[in-house]
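> attaching a predicted model along with its sequence, questions to come.
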Amino acid sequence: QVQLVESGGGLVQAGGSLRLSCAASGRPFSNYAMGWFRQAPGKEREFVATISWSGRSTDYADSVKGRFTISRDNAKNTVDLQMNSLKSEDTAVYYCAAKLWTTAQTMAAYDSWGQGTQVTVSS
């Protein structure tokens, strides 16, 4: 497994932006596809975005398409989530996750998880 630590969460007004970052260690980062998931209070954890090991393939939940961008830097062992035009419904704990090679939208496909970072969007 790879160890993951998220950062960058906080409080932002609706319409604002935040950039989350996830730092990985413990395994060759370039072997792993990465994903971002989120869990709002009282709701199940849901898929947000994923990026392949090379960065050439990405996928997004419909709810964030056009607003969020996932990217990675294999030299720095990091994956970022740029979040623009934030809405109150984006409020959640955001989790970074890793799986070997290819992208996936399902939680069960990922075998390494971070502790999460809180994002709160005020309306």
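That came through, no problem.
> Provide the secondary structure category for residue 103.
The three-state assignment at residue 103 reads coil, by DSSP: H, G, I helix; E, B strand; the rest coil.
> let me fix that, I meant to ask about residue 108.
Applying three-state DSSP: residue 108 is helix.
> how many neighbouring residues does it have?
For residue 108, the count of nearby residues is 7 (other C-beta atoms under 10 Å). Where C-beta positions appear, they are placed from N, C-alpha and C, glycine not excepted.
> now it: how far from residue 119?
Distance, residue 108 to residue 119, by C-beta to C-beta, to the nearest Å: 24 Å.
> what comes up buried for stretch 60-72?
Buried residues in stretch 60-72, counted by 16 or more other C-beta atoms under 10 Å: 60-61, 64, 68-70, 72.
> do stretch 35-52 as well
Using 16+ other C-beta under 10 Å as the test for burial, stretch 35-52 gives 35-38, 45, 47-52.
> and if you look at stretch 111-123?
If you call a residue buried by 16+ other C-beta under 10 Å, then stretch 111-123 has these buried ones: 112-114, 116-117, 119, 121.
> farthest-apart pair in the buried residues of stretch 35-52, please.
Within the buried residues of stretch 35-52, two members stand farthest from each other by C-beta to C-beta: 45 and 52, at 21.2 Å.
> so residue 5 touches residue 22, yeah?
Yes: counting by C-beta atoms under 8 Å, residue 5 does reach residue 22; the two are 6.9 Å apart.
> between the two, which is the more surrounded one?
Higher neighbour count among residue 5 and residue 22: residue 22, with 25 against 14, using other C-beta under 10 Å.
> the protein: strands as residue ranges?
Assigned by DSSP state E, the strands in the chain fall at 3-7, 10-13, 18-25, 32-39, 46-51, 58-60, 68-73, 78-83, 92-100, 112-113, 117-122.
> so for the fourth one, mean pLDDT?
If I follow you right, that is strand 32-39. For strand 32-39, the mean pLDDT works out to 98.
> next, the angle strand 68-73 makes with it.
For strand 32-39 against strand 68-73, the angle by axes from the mean of the first three to the mean of the last three C-alpha atoms, to 10 degrees is 150 degrees.
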